[in-house]
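1. just coords:
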């Protein structure tokens, strides 16, 4: 504590500063402290996003993605029925799609559970289809079911660095490219 006080005094002697106490809210991220640790959440951000997209009254979903949905960028995969073919038509407001993807990208800082899906849906920002917009709406319904979920940082009693990686071979149905993801933990807490 004495080193922190000394550092604050140093900063105050060189810059005009004000000590606001313990961090509670910063750039849309709420910081909640408990005996379990520190929870970073963006509950207000999620609720504002749901209100802006008029999904506040929507029924929540318990999964962030529609199971086995066909998200095809180039139309190279044949559709099994006319409903899927109709949903492959361009979405009428691509700017709205892009804006929502940007907001969801910001949300992934505290919501790693939607990171993969947002990265997949980000690939279609140039010309999204109705099917891709519906998948994006599905993410909003998922967020409606758990707006206060976040990332918990706690003391696990070590400072080990652990990295995990996963890849699938030819996982993309459209391009047959592999998809690789990774996570990095320091002291048992997710940092990347």
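-> It's in. Predicted model, so just to flag it, every value in this text is computed and none were measured.
2. and residue 102, what element?
-> Element membership of residue 102, judged by DSSP states H and E, is helix 94-107.
3. got it, and residue 46?
-> Assessed by DSSP H and E, residue 46 sits inside helix 43-52.
4. which elements pack onto that helix?
-> When contacts are defined as 3 or more CB pairs under 8 Å, 6 or more residues apart in numbering; DSSP states H and E, helix 43-52 sits against strand 29-33, helix 94-107, helix 130-145. Glycine gets a C-beta too; all of them are placed from N, C-alpha and C.
5. change it to 7 Å
-> Where contact means 3 or more CB pairs under 7 Å, 6 or more residues apart in numbering; DSSP states H and E, helix 43-52 is packed against helix 94-107, helix 130-145.
6. can I get the ones you listed in TSV with mean pLDDT, distance to residue 62 and mean neighbour count?
-> Shown next, in TSV, are these (pLDDT from 0 to 100; distance: least, CB to CB, whole Å; neighbours: other CB atoms under 10 Å):
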stretch	mean pLDDT	distance to residue 62	mean neighbour count
helix 94-107	95	18	17
helix 130-145	92	6	20
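7. so what touches the next helix or strand along the chain from the helix holding residue 102?
-> Note on helix 94-107: by DSSP H and E, the next helix or strand toward the C-terminus is helix 115-122. Helix 115-122 is contacted by residues 64, 65, 71, 101, 104, 105, 108, 132, 135, 136, 139, 181 when judged by CB atoms under 7 Å, 6 or more residues apart in numbering.
8. quick check, pLDDT for the last one.
-> It stands for residue 181. We have a pLDDT of 84 for residue 181.
9. could you pull up phi and psi at it?
-> For residue 181, the backbone dihedrals (degrees, to the nearest 10) come out as phi -140, psi 160.
10. quick check: closest non-adjacent residue to it.
-> What sits nearest to residue 181 in space, not counting adjacent residues and going by CB to CB, 6 or more residues apart in numbering, is residue 166, at 5.5 Å.
11. just the element for that neighbour, please.
-> Counting by DSSP H and E, residue 166 is part of strand 161-168.
12. distance of residue 26 from residue 46?
-> Residue 26 sits 16 Å away from residue 46, going by CB to CB, to the nearest Å.
13. okay, those two: which has more neighbours?
-> The residue with more neighbours, out of residue 26 and residue 46, is residue 46; 24 against 9, by other CB atoms under 10 Å.
14. pull the contacting residues for the more buried one.
-> Taking CB under 7 Å, 6+ apart, we find residue 46 in contact with 107, 143, 147.
15. what of residue 61?
-> By CB under 7 Å, 6+ apart, the residues touching residue 61 are 138, 141, 142, 145.
16. show me the shaky parts of the chain.
-> Counting by pLDDT under 70, the ranges of the chain that qualify are 67-87, 172-174.
17. pop the domain breakdown of it in here.
-> Domains of the chain are assigned by automatic domain parsing as 2-152, 155-192.
18. most packed of those?
-> Ranked by average neighbour count under the criterion mean count of other CB atoms under 10 Å, those are headed by domain 2-152 at a mean of 15.
19. I'm done for today, thanks for sticking with me.
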